[in-house]
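Undergrad: 3D model of this:
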Amino acid sequence: MTAGRIEVTDATDIEGIERATAAAVSPQTLEEVAGWLLAFDSGTVNRARSAVPLQHTLLSDVVSLTTRIEARYAARGLPAQFRLALAPCFDALRVELRRRGYRAEQPTQVQLALVVAVRAVSVELAAVDTAPDAGWAALFMGEGFDPADGASRVAALGRATGSLYASVREDGRTVAAGAAAFSHGWVSVHGMRTAPAWRGRGMAGRILAALAGAAMARGMARCFLQVEEGNTAAQALYRRAGFVPAWSLRTGAAPEYCGGCALWIQELRMPVDQGLQADLMPDWGGTRALDPRPGSPF
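TA: Reported below is the predicted structural model:
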């Protein structure tokens, strides 16, 4: 990290972001298998119910690895999902996943920013609370949003330990909301929502700035979030707040595989100049149940 600029510098940053993501979306169960985090959840948040590698390294046996991960999800009655970097070390795994019927779509970006830059995006600030209130939750299930998906996201974000919840209220009604989690050296922003009638009025900027201010008070310097590539309004705001793309993700389904279960794969695209490819083999150790909360050793 240099003055005014943030970048992913090594594999430790990748692992920290993935562990911080799991802590923020707080899946119902989290395991670690052979250097992968496996998140299990019955909700709609893909990050809370997918498998992701903690290192971008060559894999010795992609067939066995894929089968092992699928078996862990099958044991819990869930479809397997993958989030996978588009780095050469995963070429063989992508071939195996496609052979099994997976496909990729829905471009999304992981973006990074310096917290101090995010704080400067708005002079006006949202209110910040240590727990989501009824108004914060209601926004996710209100006009313009899928209520079932909203309820799932409220439950996932509300379970996280130590997160903060920002709200902009007008005439007693919450019109914009967001959350921030603090884990593994990163601030992660989640659940950015603005009521349709209030979009384009700087509400989301007030949410970002307030959460960044809280992060600065905690001594945090680096921030990340995810945004759909087609969400041009959000992309413009995040650029103003200093966010820069780190990876691109695509999510897809193979509905005819595994008896009609909807299986998903997310593929992350890493810039080639980040130098994150390594020639180490993963640790094929045992399976461990993990505590996904911030502050846990994982």
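Undergrad: residue boundaries of the helices in the stretch 51-200 of the chain?
TA: Listed in chain order, the helices of the stretch 51-200 of the chain (DSSP state H, counting those that start in this stretch) span 62-75, 91-99, 115-119, 134-140, 147-159.
Undergrad: Could you pull out the strands in this structure for me?
TA: 29-33, 36-40, 51-53, 81-85, 108-114, 127-129, 164-170, 173-183, 186-194, 222-228, 244-253, 264-269, 288-290 (DSSP state E).
Undergrad: Switch those strands over to JSON lines; also include distance to Ser60.
TA: Using the backbone N, CA and C atoms, a C-beta is placed for each residue, glycine as well. Below are the strands of the chain laid out as JSON lines (distance: least, C-beta to C-beta, whole Å):
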{"stretch": "strand 29-33", "distance to Ser60": "14"}
{"stretch": "strand 36-40", "distance to Ser60": "14"}
{"stretch": "strand 51-53", "distance to Ser60": "13"}
{"stretch": "strand 81-85", "distance to Ser60": "16"}
{"stretch": "strand 108-114", "distance to Ser60": "27"}
{"stretch": "strand 127-129", "distance to Ser60": "46"}
{"stretch": "strand 164-170", "distance to Ser60": "42"}
{"stretch": "strand 173-183", "distance to Ser60": "30"}
{"stretch": "strand 186-194", "distance to Ser60": "30"}
{"stretch": "strand 222-228", "distance to Ser60": "30"}
{"stretch": "strand 244-253", "distance to Ser60": "24"}
{"stretch": "strand 264-269", "distance to Ser60": "20"}
{"stretch": "strand 288-290", "distance to Ser60": "20"}
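Undergrad: Which one, of those, ends up nearest to Ala155?
TA: Ala155 lies closest to strand 186-194 among the strands of the chain, at 11.3 Å (C-beta to C-beta).
Undergrad: Isn't Val244 up against Ala113?
TA: Yes - Val244 is in contact with Ala113 according to C-beta atoms under 8 Å; the separation is 7.0 Å.
Undergrad: before we move on, back to that, quick one: which of the helices of the stretch 51-200 of the chain has the weakest pLDDT on average?
TA: Of all the helices of the stretch 51-200 of the chain, mean pLDDT reaches its minimum on helix 91-99 (a mean of 89).
Undergrad: now the angle from it to strand 81-85?
TA: 150 degrees (axes from the mean of the first three to the mean of the last three C-alpha atoms, to 10 degrees).
Undergrad: What helices and strands are in contact with helix 91-99?
TA: Helix 91-99 is packed against helix 62-75, strand 81-85, with contacts defined by 3 or more C-beta pairs under 8 Å, 6 or more residues apart in numbering; DSSP states H and E.
Undergrad: do you know which of the ones you listed lies nearest Asp149?
TA: Distance to Asp149, taken as C-beta to C-beta, is lowest for strand 81-85 among those, at 15.9 Å.
Undergrad: Return the distance of Gly191 relative to Leu237.
TA: According to C-beta to C-beta, to the nearest Å, Gly191 and Leu237 sit 15 Å apart.
Undergrad: ok, those two, which is more surrounded?
TA: When Gly191 and Leu237 are compared on other C-beta atoms under 10 Å, the one with more neighbours turns out to be Gly191, at 26 against 20.
Undergrad: thinking Arg94 is in contact with Leu84, fair?
TA: Yes - judged on C-beta under 8 Å, Arg94 makes contact with Leu84 at a distance of 6.8 Å.
Undergrad: Quick one: residues contacting Val63.
TA: With contacts defined as C-beta atoms under 8 Å, 6 or more residues apart in numbering, the neighbours of Val63 are Glu96.
Undergrad: Pass me the low-pLDDT residue ranges in the protein, would you?
TA: The chain contains residues with pLDDT under 70 at 1-11, 86, 105-106, 247-298.
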